[in-house]
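**Student:** here's my sequence, what's the structure:
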Amino acid sequence: MVSADKIHIVYARSNVIRFYIVLKIHFKIKKSNFFEKIVFLVHFYDR
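**Tutor:** Take a look at the predicted model:
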């Protein structure tokens, strides 16, 4: 699970479009506010 999240973060930094797709898929599979905060932080740091 942790490795999958890391891969998702890498994909997010690589592509913004893929980042949003992965985010939507991740939220559909399992809702976790902690992951949301991490994703948002990564997105902010990318910009």
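
**Student:** quick one: the strands in this structure, in order.
**Tutor:** Assigned strands in the chain: none (criterion: DSSP state E).

**Student:** any weak-confidence spans in it?
**Tutor:** 1-2, 7-9, 11-15, 29-33, 46-47 (pLDDT under 70).

**Student:** can you identify each of the helices in it by residue range?
**Tutor:** 2-14, 16-29, 33-46 (DSSP state H).

**Student:** dump those into CSV; add mean neighbour count as well.
**Tutor:** C-beta coordinates here come from the backbone N, C-alpha and C atoms, glycine included. Compiled in CSV, the helices of the chain are given as follows (neighbours: other C-beta atoms under 10 Å):
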stretch, mean neighbour count
helix 2-14, 13
helix 16-29, 13
helix 33-46, 12
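
**Student:** and the gap between residue 37 and residue 22?
**Tutor:** 16 Å (C-beta to C-beta, to the nearest Å).

**Student:** let me fix that, I meant to ask about residue 36.
**Tutor:** Distance from residue 36 to residue 22, by C-beta to C-beta: 12 Å.

**Student:** what's the answer for residue 6, then?
**Tutor:** 12 Å.

**Student:** do residue 10 as well
**Tutor:** 10 Å.

**Student:** and what of residue 34?
**Tutor:** 16 Å.

**Student:** what do you get for residue 16?
**Tutor:** 11 Å.

**Student:** are there residues contacting both of the two? Which ones?
**Tutor:** Residues touching both residue 16 and residue 22 by C-beta atoms under 8 Å, 6 or more residues apart in numbering: none at all.
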